[in-house]
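*Asks:* Here is my input; please provide its structure:
(one chain, ligands or ions: 2)
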Amino acid sequence: MTRIVIIGGGPAGYEAALVAAQHGANVSLIDSDGIGGACVLFDCVPSKTFIASTGIRTDMRRATDLGISVDPSSATISLPKINSRVKNLAQVQSSDIRARLQSVGVQLLSGRAELIDPQIGMAAHLVRASLTTGEEKTLEADVVLIATGGSPRVLPGAVPDGERILTWQHLYDLEELPTHLVVVGSGVTGAEFVSAYTEMGVKVTLVSSRDRVMPHEDADAALVLEDVLAERGVTLVKHARADKVERTEDGGVVVKLSDGRTVHGSHALMAVGSTPNTSGLGLEKVGIELDGRGYLRVDRVSRTSVSGVYAAGDCTGLLPLASVAAMQGRIAMYHALGEGVSPIKLKTVASAVFTRPEIANVGVSQAAIDNGEVAARTVMLPLNTNPRAKMSGLRRGFVKIFCRPATGVVIGGVVVAATASELILPIAIAVQNNLTVGDLAQTFSVYPSLSGSITEASRQLMRHDDLG
Ligand SMILES: Cc1cc2nc3c(=O)[nH]c(=O)nc-3n(C[C@H](O)[C@H](O)[C@H](O)COP(=O)(O)OP(=O)(O)OC[C@H]3O[C@@H](n4cnc5c(N)ncnc54)[C@H](O)[C@@H]3O)c2cc1C
Ligand SMILES: NC(=O)c1ccc[n+]([C@@H]2O[C@H](COP(=O)([O-])OP(=O)(O)OC[C@H]3O[C@@H](n4cnc5c(N)ncnc54)[C@H](O)[C@@H]3O)[C@@H](O)[C@H]2O)c1
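*Replies:* Numbering: from 1, shown residues only. Ligands and ions are numbered 1, 2, ... in the order given. Just a heads-up that it's a prediction; the model follows:
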């Protein structure tokens, strides 16, 4: 029986453990923070739960347009109740995963793990688990999976104190909403929290090192979001690199920018990226070197350079998404256990930014098409032409679809809509399965529905030769 030791219990680790145990391996999983990892306990799941509460306020604000008057400012927000809901849901999710792992026979250990091979090049590896009980346990493994995730990046001049200078992991401990939140960093994390706190009625300033929000996302989508945020009163400070964040005498914070400007607020949320959890793992004991940014290098089946040692998830820096982490973990186990496995394909990964409106995408990007990397036919259909959007009072958003010029095969798309994270699926299915715009166009969509814009956009993209 193959002995597998997994270090880290986030999506990469727990999905790998489930697959490996179901394929008959003897699996031990060691995690220092709790089953579900940072994803379930501190990052993805809590943020989306919090955003679900803020969405109620968005709907209240928009209700007036539909003829129902509710005053969002008179609605009482109980932050302690929202926070305890966030934390309870995370714990429940963690317990559910724990129960599933136990039901398939995975041995769960709570503590920190490191490799302790006595010499490089051993056929089997040794892992020492320093358990939270104070005991130490040494496990022998034919296969080790490192799935240790990442942690919020800390700027030397802006060390979070958990009270006023915060990482996203501190937000659910606040007893009151900030009066003026300064969000430093305009990546996906920053954008999601700017949107969420703005919808809660909090004054928000966004400090962006670039000239726009979410520089890595679709530029048209980012523009829609910038418009919405400006309309909601968000101040965007562009080309602004934060050097320091300090507490002020009045109890607030000041963000000091590298060009001498300052931004004052009641709280600062540092959303300046993450760093991989790859120190203290004993990697030198097996002969693994990290890349220049501290990530573990892996190939498309999650192998490191050392036989029997795999890595998956945010510690590899491949694409920091829960879905990708889980897939990397599963692929590692299929490969290690000799099952047939296809290398991971990032071109088919669908992802979403949970702002209001949401932004979702899959496949090749508009930027890759515009700069000539990929040849494609493209269409962008504004949502305000969609009957269902009009009925629901949705003014903003669009559907973009990209297809191969000759064959009409769908290679990517972007959706900006309140429910873009759901609407992206038909395009993702098309990309994954090499379907054509003809296939999408000939599919019945419900009338009236937002997904009707996907079939309509596909029709607009069809040429006579797509008709088959
Ligand atoms: C604010 C935020 C929101 C996000 N929202 C989304 C989203 O909506 N959708 C999405 O797909 N992705 C989202 N992500 C990204 C997603 O959370 C990560 O991609 C995902 O958590 C990666 O999973 P992982 O298994 O690699 O690591 P993690 O979830 O970080 O888990 C790693 C675990 O390993 C443990 N560990 C570390 N070192 C050791 C050690 N030496 N011994 C034992 N255990 C150890 C850690 O304590 C942790 O529990 C979000 C990220 C952030 C920051
Ligand atoms: N909904 C989701 O799926 C979701 C949500 C959050 C995060 N994520 C994942 O996590 C990844 C990382 O996102 P992120 O936003 O946490 O990190 P990021 O690294 O993408 O963005 C951090 C931003 O902070 C800026 N920055 C860095 N130092 C700065 C400084 N001193 N002053 C001002 N700005 C500074 C950077 O230029 C960058 O734009 C995403 O690409 C995504 O894969 C996913």
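*Asks:* How about the contacts made by the residue of the stretch 101-250 of the chain found nearest ligand 2?
*Replies:* Relative to ligand 2, the nearest point of the stretch 101-250 of the chain is Gly187 (2.3 Å; Cβ to the nearest ligand atom). For every residue, glycine as well, the C-beta is placed using N, CA and C. Going by Cβ atoms under 8 Å, 6 or more residues apart in numbering, Gly187 touches 214-216, 271, 273.
*Asks:* could you pick out which of those are near ligand 2?
*Replies:* 215, 271, 273 (Cβ under 6 Å from any ligand atom).
*Asks:* For the stretch 101-250 of the chain, just list every one of the helices.
*Replies:* 188-199, 219-231 (DSSP state H, counting those that start in this stretch).
*Asks:* Quick check: which of the ones you listed is buried the most?
*Replies:* Among these, helix 188-199 has the highest mean neighbour count (mean count of other Cβ atoms under 10 Å), at a mean of 25.
*Asks:* between the contacts of Gly187, which has the most around it?
*Replies:* Counting neighbours by other Cβ atoms under 10 Å, Ala271 leads these with 25 neighbours.
*Asks:* these two touch, right, that residue and Gly185?
*Replies:* Yes: Ala271 is within contact range of Gly185, at 3.7 Å (criterion: Cβ atoms under 8 Å).
*Asks:* do you know how far Ala389 is from ligand 1?
*Replies:* The gap separating Ala389 from ligand 1 is 24 Å, by Cβ to the nearest ligand atom, to the nearest Å.
*Asks:* Oh, that last question was meant for Gly287, not what I typed.
*Replies:* In this view, Gly287 and ligand 1 are 18 Å apart by Cβ to the nearest ligand atom.
*Asks:* which ones are touching that residue?
*Replies:* Contact analysis of Gly287 by Cβ under 8 Å, 6+ apart lists 120-121, 305-306.
*Asks:* run the last query once more with 10 Å
*Replies:* Contact analysis of Gly287 by Cβ atoms under 10 Å, 6 or more residues apart in numbering lists 117, 119-121, 304-306, 309.
*Asks:* Just the buried subset of those, please.
*Replies:* Taking 16 or more other Cβ atoms under 10 Å as the criterion, what is buried in these is 117, 304, 306, 309.
*Asks:* Which of those residues fall within strands?
*Replies:* Judged by DSSP state E, the buried ones among the contacts of Gly287 include Val309 as members of strands.
*Asks:* what number of residues lie near Ser130?
*Replies:* 16.
*Asks:* Mean confidence (pLDDT) on stretch 47-67, please.
*Replies:* Averaging pLDDT along stretch 47-67 gives 95.
*Asks:* same deal with stretch 6-20?
*Replies:* On average, stretch 6-20 scores 98.
*Asks:* so how far is that stretch off the chain centroid?
*Replies:* Its chain's average C-alpha position is 18 Å from that of stretch 6-20, according to Cα atoms, centre = their mean, to the nearest Å.
*Asks:* touching ligand 2 at all, it?
*Replies:* No: Stretch 6-20 stays clear of ligand 2 (Cβ under 6 Å from any ligand atom), getting no nearer than 11.9 Å.
*Asks:* residues of that stretch that come out buried?
*Replies:* Within stretch 6-20, the residues scored as buried using 16+ other Cβ under 10 Å are 6-20.
*Asks:* Repeat that for stretch 17-35.
*Replies:* Residues 17-21, 23, 25-35 are the ones in stretch 17-35 that count as buried (16+ other Cβ under 10 Å).
*Asks:* gap between Val301 and ligand 2?
*Replies:* Counting by Cβ to the nearest ligand atom, the gap from Val301 to ligand 2 is 21 Å.
*Asks:* Same list as before, the contacts of Gly287 that is, but in TSV and with pLDDT included.
*Replies:* Formatted as TSV, those follow (pLDDT from 0 to 100):
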residue	pLDDT
Asp117	98
Gln119	96
Ile120	96
Gly121	95
Thr304	98
Ser305	97
Val306	98
Val309	98
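*Asks:* Out of the residues you listed, just show me the ones up against ligand 1, please.
*Replies:* With Cβ under 6 Å from any ligand atom as the criterion, the contacts of Gly287 include none near ligand 1.
*Asks:* Averaged pLDDT, the helix or strand hosting Ser94. What do you get?
*Replies:* Element membership for Ser94 (DSSP states H and E) is helix 79-103. Throughout helix 79-103, pLDDT has a mean value of 98.
*Asks:* which of the residues in it are buried?
*Replies:* When neighbours are counted by 16+ other Cβ under 10 Å, the buried residues of helix 79-103 are found to be 82-83, 85-87, 89-90, 93-94, 97-98, 101.
*Asks:* What is it packed up against?
*Replies:* When contacts are defined as 3 or more Cβ pairs under 10 Å, 6 or more residues apart in numbering; DSSP states H and E, helix 79-103 sits against helix 11-22, strand 26-31, helix 37-41, helix 44-63, strand 107-115.
*Asks:* Would you reformat those as CSV and include distance to Glu176?
*Replies:* Formatted as CSV, those follow (distance: least, Cβ to Cβ, whole Å):
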stretch, distance to Glu176
helix 11-22, 32
strand 26-31, 32
helix 37-41, 23
helix 44-63, 15
strand 107-115, 33
